[in-house]
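Q: take a look and give me a structure for this.
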Amino acid sequence: MKVIPSRRALRWWLILLLLLPLIASPLWSWFQEWRREQLVRPVAERAAAKHGIPVSLVLAVIKQESRFRPQMKGGKGEYGLMQIMPAVATDWTKANKREAFRSLDILFQPEQNLDVGCWHLARAVRRWRDAGYRDWVSLALAQYNAGATRVIEQGWAPPDKAANALSRIDWKGVRAYVEKVRAYQQHYE
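A: Numbering: from 1, shown residues only. Below you'll find the predicted structure:
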């Protein structure tokens, strides 16, 4: 005896087959990012410890900047996991008394990228934390994203060091960046 599925059953199977990619694609993307994070985490932990900054902050910056993709190249010339600008790489080589990089492609290597990126982020952290700002994380992230000069010129550092700095960041993109990284940091703590 031959069993013939009903039209209704065929319709449900067709719907299921059409929806499967919509369900599987985000799950696959999430899994890939999780896997990349697991590979990068030990390197990030070492670099954060070397530069004296919270690993939760480093992981949050990496998540925002590259989603843990070491080969990521930004539209403005940023490289790797922490999206290092060429000028930052130059500053790092001078500060560490090293020869200039022959090729900035070295910044696609996680160890090198995280050393430079954590060094750069640690400078921002020290600047605001050591100056006594309660909201030093927001100021350090604003500096990492927009540069120290902009943070100072725009007056994002509150006169009252105990005040919230995030509320003073009036550039939409920088503020959104700081808010996202802070949210990711809470996840990693």
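Q: below-threshold pLDDT in this structure: ranges please.
A: Scanning the chain for pLDDT under 70 picks out 1.
Q: repeat the analysis, applying 80 as the threshold.
A: Applying pLDDT under 80 to the chain flags the ranges 1-5, 20, 24.
Q: what's the longest helix in the chain?
A: helix 7-51 (DSSP state H).
Q: and that one, what does it pack onto?
A: If contacts are counted by 3 or more C-beta pairs under 8 Å, 6 or more residues apart in numbering; DSSP states H and E, helix 7-51 sits against helix 55-66, helix 110-130. (Each C-beta comes from the backbone N, C-alpha and C, glycine too.)
Q: return the distance of that helix from the chain's centre.
A: Taking C-alpha atoms, centre = their mean, to the nearest Å, the mean C-alpha location of helix 7-51 is offset from the chain mean by 18 Å.
Q: for the host helix or strand of Ala89, buried residues please.
A: Assigned by DSSP states H and E, Ala89 belongs to helix 86-95. If you call a residue buried by 16 or more other C-beta atoms under 10 Å, then helix 86-95 has these buried ones: Val88, Ala89, Trp92.
Q: circling back to that earlier point, most packed of the helices and strands packed on helix 7-51?
A: Highest mean neighbour count among those (mean count of other C-beta atoms under 10 Å): helix 55-66, with a mean of 23.
Q: tell me the angle it makes with helix 7-51.
A: Helix 55-66 and helix 7-51 meet at an angle of 120 degrees, taking axes from the mean of the first three to the mean of the last three C-alpha atoms, to 10 degrees as the criterion.
Q: list of residues touching helix 55-66?
A: Defining contact as C-beta atoms under 8 Å, 6 or more residues apart in numbering, one finds that helix 55-66 is touched by 37, 40-41, 44-45, 47-49, 68, 72, 78, 80-83, 114, 117-118, 121, 125, 137, 141, 144, 177, 180-189.
Q: let's see 6 Å
A: 44-45, 48, 68, 72, 81-83, 118, 180-181, 184-185, 188-189 (C-beta atoms under 6 Å, 6 or more residues apart in numbering).
Q: quick one: which of these is most hemmed in?
A: Leu81 (30 neighbours; other C-beta atoms under 10 Å).
Q: can I assume that one sits in a helix?
A: No - looking at Leu81 with DSSP: H, G, I helix; E, B strand; the rest coil, it is coil, so not inside a helix.
Q: that one against Asn113, yeah?
A: Yes - between Leu81 and Asn113 there is a contact under C-beta atoms under 6 Å: 4.9 Å.
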